[in-house]
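[1] Generate a structure from the sequence data that follows.
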Amino acid sequence: MTGAVDVDLAAPVFLVKGSDEVLLAQAVGDLVRALVGGGDRELVVDEWDAARYDTGDGPDLAGVVDAARTPPFLTDRRVVVARHTGLFGTKDSVGPLVDYLTSPLETTSLVIVWERDPKPGAKLPAVPKALADAVRAAGGAIVDTGVADREKDRTAWIDRQIAESAVRLDAGARRLLVDRVGGDLGRVRSVLEALVSTFGAGARLTAEDLEPYLGGAGELPTWELTDAIDRGDIPTALDRLARLLAAGRHPLQIMATLHGHVERMLRLEGSGVGDEKQAAELLGLRGGSTFRARKALEQARRLGPERLHEMVELLAQADLDLRGAKAWPDELVMEVLVARLAGRSRPAGSRTGSGRGSR
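    Below you'll find the model as predicted:
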């Protein structure tokens, strides 16, 4: 699947936006990998996020601009990735980027990821017109990963992913994929990649072939893992993790699920929403999604800000560990993470002595 790399990679700047965090992350990952090509990622990529923007006097884009203006060292190009830029939601705050784009450095590829400030309750503002105009004027690309919430649009999007995949689904398999995925479009890619890995490129598959990869026999839905974590049930959570990994789920896919699960609670905690309908609106959930919103709201209230922030720190560390910060197998990193998350969900009086769930 080509996704976000269906753009001119010679462009000096890319603005990537979209409301679905999984689709956004996939698009950014595709784009950065394409920009790096055969280069050494550690030498080529300079990634910024909310923590790096904060100089002590509040968030500032000056560091990103300095990085973008710095010539590459030991490589032909430099890829500067600016995450969480949604915290710069005004014309004045994006001014440094707008100024830079009047004369971007030819050896820098700047990737601006329009995602919200990760702080609890933060909302994602619209991209300032000044920034969007500057990207276009510089010859850059705006990549919108969003998919309209109408069933017709979701189905058309899934059909495009199937068409780009290396496997072929017959009519029954296509209908099954559309029906099972629903609005959770972030699952589509992992399912199709698992099919390619299992059956090989060019395979023609039926609904029977597809069934085990959609939460039927051979796999379980990811909510069984998150539900066990929410209950503080460490043994069950570890069992569900093991089953997901055995069924072919990549640790980074499971990480994306856990990130989204905790982030929904963070957005609700302290937001002042009073009921599940308001929670669903805040989270951008529609249709039959008030059940998910109610669960997230109840869990956010039960955990409170301190434990939610502990969970964010655990996720951030595990993400680094999966990328090589610790010389641990990926499965061990995920086991420790899941045990610790479940440990944080236990009632305060029962959080000691949880083995791997303790620091």
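[2] quick one, what contacts the closest residue to Lys129 other than its chain neighbours?
    Spatial nearest neighbour of Lys129, chain neighbours left out: Lys91 (7.6 Å); criterion: Cβ to Cβ, 6 or more residues apart in numbering. In short, each C-beta sits where N, CA and C put it, glycine included. By Cβ atoms under 8 Å, 6 or more residues apart in numbering, the contact set of Lys91 is Pro128, Lys129, Ala130.
[3] go again using 10 Å as the cut-off
    By Cβ atoms under 10 Å, 6 or more residues apart in numbering, the residues touching Lys91 are Val98, Pro128, Lys129, Ala130, Leu131.
[4] Most widely separated two among those residues?
    Val98 and Lys129 (10.4 Å; Cβ to Cβ).
[5] Do you have the strands of the stretch 1-150 of the chain handy? List them.
    Assigned by DSSP state E, counting those that start in this stretch, the stretch 1-150 of the chain shows strands spanning 13-17, 45-48, 78-82, 108-114, 141-144.
[6] Need the buried ones from the contacts of Lys91 selected in ChimeraX.
    The ChimeraX command for the buried members of these (criterion: 16 or more other Cβ atoms under 10 Å) is given here:
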select :98,128,130,131
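[7] Just the C-alphas of the least confident helix or strand in the chain by mean pLDDT, formatted as CSV.
    Every helix and strand of the chain was ranked by mean pLDDT, DSSP states H and E. The lowest is helix 276-283, at a mean of 77. What follows is helix 276-283, C-alpha atoms only, in CSV (Å, rounded to 0.1, in the frame of the first residue of the first chain):
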residue,chain,number,x,y,z
GLU,A,276,-21.6,9.6,27.4
LYS,A,277,-23.2,11.7,24.6
GLN,A,278,-20.9,14.6,25.4
ALA,A,279,-18.0,12.3,25.8
ALA,A,280,-18.7,10.7,22.4
GLU,A,281,-18.8,14.2,20.8
LEU,A,282,-15.5,15.2,22.4
LEU,A,283,-13.9,12.0,21.2
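[8] which helices and strands sit right next to that helix?
    Secondary-structure packing of helix 276-283 (3 or more Cβ pairs under 10 Å, 6 or more residues apart in numbering; DSSP states H and E): helix 251-268, helix 290-320.
[9] between the longest one and helix 251-268, how big is the angle?
    Here helix 290-320 runs at an angle of 120 degrees relative to helix 251-268 (axes from the mean of the first three to the mean of the last three Cα atoms, to 10 degrees).
[10] circling back: nearest to Leu210 among the contacts of Lys91?
    Leu131 (41.4 Å).
[11] How about the contacts made by the closest one?
    Contacts for Leu131 (Cβ under 10 Å, 6+ apart) come out as 13, 15, 85, 88-91, 93-95, 97-98, 101, 112, 114, 142.
[12] Return a selection command, for use in ChimeraX, containing the buried ones of those residues.
    If you want just the buried ones from the contacts of Leu131 in ChimeraX, going by 16+ other Cβ under 10 Å, the selection is:
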select :13,15,85,88,89,93,94,95,97,98,101,112,114,142
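[13] and of the contacts of Leu131, the nearest to Gly260?
    Among those, Trp114 lies closest to Gly260 (Cβ to Cβ), at 17.3 Å.
[14] Show the pLDDT at that closest one.
    Listed pLDDT for Trp114 reads 94.
[15] again, but for the one 4 residues further on
    The predicted local distance difference test score for Pro118 is 81.
[16] Show the contacting residues for the nearest residue to it once chain neighbours are set aside.
    In space, not counting the residues next to it along the chain, Pro118 is nearest to Ala50; the distance is 5.5 Å by Cβ to Cβ, 6+ apart. Applying Cβ under 10 Å, 6+ apart, we find Ala50 in contact with Pro59, Arg83, His84, Thr85, Gly86, Leu87, Glu115, Arg116, Asp117, Pro118, Lys119, Ala122.
[17] what do you get if the cut-off is 7 Å, keeping everything else the same?
    Contacts for Ala50 (Cβ atoms under 7 Å, 6 or more residues apart in numbering) come out as Pro59, His84, Leu87, Asp117, Pro118.
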